[in-house]
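In: The following comprises the amino acid sequence and a computationally predicted model.
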Amino acid sequence: MKHSALVFGIVMISAHGLSQSVVKDFRVERQYLNLPVDMQQDRQTVRFLADGDTVTYAAVRLADGEPDYWVFKDVSAWKGKTLRLAFSRHVKGVEMIYQSDRFAGQDSLYRETNRPQFHFTSRRGWNNDPNGLVYLDGEYHLFYQHNPYENQWENMHWGHAVSPDLIHWTELDDALFPDRTGTMFSGSAVVDRNNTAGWGRNAMVAAYTADKAGAETQCIAYSTDRGRTFTKYEGNPVLGETRDPRVFWYEPNREWVMALYKTAGISFFTSRDLRSWKEESHINGFYECPDLFELPVDGNPGTTLWVVHGGSGTYMLGDFNGRVFTPRFGKYRTTYGAYYAAQTYNDTPDGKRIQIGWGRIEHPGMPFNQMMLFPTELSLRTTNEGIRMFSEPIDAIRKLHAKEHDLSGLSVAAANERLKGMTQDLLHVVARLESANGGQISLEYRGNRCITVDADEINGIQVPLKNPGSLMFDLEILIDRTSLETYYQHGQVVLADALKKPASSAGLQIVGDPANTRIHELKVYELNPIWGSR
């Protein structure tokens, strides 16, 4: 491995309040610094200094021997300059850090053993909450909670990826870095089309929580280059409340609205300029990562309800006048399992309400961890139990369809004979099944039971009936290498879980009373990966 680093030495210094520190200087000539990580090592503080000032810092498990994996930092912004790394203690990994125009492991990127193939995952490190979901100039932006330095939670940055279609993603450099106000916690992003903040028309503005030793404040950053770089507002913080600001433009009042998590619920603030905020009201009963949006009922734009949504997936339906949310129905819940902290997009070009959730799914042995769940379209529909929110995979899933297997109308035995050979790990299943006697119907994959539906429940969760007295139900299932997402009754109930290790070599199988199980529709689509030949 050729190392292209010009190193001026490793020395002990005492400067800039760092006390006794080990430092290593680089004349930056390449795009990346590659750093070795050993998960058995304690974390140590690493500060990145340019022109004598700390530009960011991180807690890193720098290896003292053979690394478990490598992580990287894009240093191209300092090309031609000297970048100083200051470590709180010396380990062998200090000498192993090197520059390159490729990051370690790039040759196998997206081809790792457990890399999801049609869900977004970061190239390296940990991800959790989706942040700043916004559309601008042909790109869907996905920001997210990111630890670029190991596969566990710490060092919260805002990671960043863009997509033309919510399917194929290109990961960019991290957008927000820890600073004097703390690490970068969750938030949202808007496009300031009317230049209310004074940073230019169509500036992208991020509202985020900064966490400093448990003290949380709300801050603002803006971008005038389509989200590629952000400048943090010099007047930060703009609020001293709790966390997770969700900001959007409320056209009737010509002002910005912020939904912010506060103890036991959500508070609503307003602003004319994204800098000065006024608290207007509060509603109890939600925890973390609030969202607030309006949806038509049954597709009728003349009849709408507002949805207040919390991090756990619970929601209320009601009215909102820009200042106060008045509940009318709820609380209800759509998503279960590994689904958490879902957020919806601002400014979608077609007006659809698109949601992405954090998939709390472990990826042991990988240099990355966790994932984003598949994007869904939200709607409100009248059911025999009242108005409910539905969440279905976006239509763009069809772009990934490869070979189709149509087993509609077959007996259970005939269908299973064909299904057992479907061992691919990228599948989209669409089914309408019926239990004539109310008995259980299950779907197994590679010997593990994934979904069980009976007259009352799906995987132990009480389910609504599409038509009272009918035991017919619709399922849509997405199977990726590490995850399983199930949409019951067109997304009135959504379950996300990790796939279990294979217990057999069989592919898909339907388990149910053969005499009383009806397969009205069953189509299985093999899927192409989103990463192509990268």
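Out: Yes, it's here.
In: Next up, the contacts around L172.
Out: Each residue near L172 by CB atoms under 8 Å, 6 or more residues apart in numbering is listed here: H160, A161, V162, R228. From N, CA and C alone the C-beta is placed, and that goes for glycine too.
In: can you rerun that using 6 Å?
Out: Contacts were defined as CB atoms under 6 Å, 6 or more residues apart in numbering; by that measure L172 touches H160.
In: Which helix in this protein has the most residues?
Out: Longest helix of the chain, by residue count under DSSP state H: helix 412-419.
In: For the stretch 151-300 of the chain, which segments count as helices?
Out: In order along the chain, the stretch 151-300 of the chain carries no helices (DSSP state H, counting those that start in this stretch).
In: picking that back up, tell me the angle of the helix or strand following the longest helix of the chain relative to helix 412-419?
Out: Counting by DSSP states H and E, the element after helix 412-419 in chain order, helix or strand, is strand 427-435. Strand 427-435 and helix 412-419 are oriented at 170 degrees to each other (axes from the mean of the first three to the mean of the last three CA atoms, to 10 degrees).
In: Now do M156 against Q106, distance only.
Out: Separation of M156 from Q106 (CB to CB, to the nearest Å): 24 Å.
In: neighbour count winner among these two?
Out: Remark: of M156 and Q106, M156 carries more neighbours, 24 against 16, as counted by other CB atoms under 10 Å.
In: Tell me the confidence at that one?
Out: Reading off the confidence values, M156 has pLDDT 97.
In: same thing with G532?
Out: So G532 comes in at 76 (pLDDT).
In: For it, grab the count of nearby residues.
Out: The burial count for G532: 8, using other CB under 10 Å.
In: Could you confirm it falls within a helix?
Out: No - under DSSP: H, G, I helix; E, B strand; the rest coil, G532 falls outside any helix and is assigned coil.
In: Spatially nearest residue to it (excluding sequence neighbours)?
Out: With CB to CB, 6 or more residues apart in numbering as the criterion, G532 has its nearest non-adjacent residue at 7.8 Å, and that residue is H168.
In: ok, now F320?
Out: Nearest-residue entry for F320: W306, 4.0 Å, with adjacent residues in sequence omitted and distances by CB to CB, 6+ apart.
In: Buried residues in stretch 65-79, which are they?
Out: By 16 or more other CB atoms under 10 Å, the buried positions in stretch 65-79 come out as P67, D68, Y69, W70, V71, F72, K73, V75, W78.
In: what distance separates stretch 156-169 from the centre of its chain?
Out: Once both centres are worked out by CA atoms, centre = their mean, to the nearest Å, stretch 156-169 turns out to sit 9 Å from its chain's centre.
In: first to last residue in that stretch, what's the distance?
Out: 21 Å (CA to CA, to the nearest Å).
In: How about stretch 498-511?
Out: Span of stretch 498-511 from end to end, CA to CA: 20 Å.
In: again, but for stretch 206-222
Out: For stretch 206-222, the end-to-end distance is 6 Å (CA to CA).
In: go on, stretch 229-239?
Out: Stretch 229-239 stretches 23 Å from its first residue to its last (CA to CA).
In: List the neighbours of that stretch that are in contact with it.
Out: Residues outside stretch 229-239 that contact it (CB under 6 Å, 6+ apart): A175, T217, Q218, C219, I220, A221, Y222, S223, R275, W277.
In: List phi and psi for the residue lying closest to the second one once chain neighbours are set aside.
Out: It stands for T217. Of all residues not flanking T217 in the chain, P237 sits nearest, at 3.5 Å (CB to CB, 6+ apart). Backbone geometry at P237, expressed as degrees, to the nearest 10, gives phi -80, psi 160.
In: a strand runs through K403, doesn't it?
Out: Yes - the assignment for K403 by three-state DSSP puts it in a strand.
In: show me the contacts for it.
Out: K403 touches E526, counting by CB under 6 Å, 6+ apart.
In: For F269, name its beta-bridge partners.
Out: In this entry, F269 is beta-bridged to M258, E279, by DSSP bridges.
In: Same question for Y98.
Out: In this entry, Y98 is beta-bridged to N34, by DSSP bridges.
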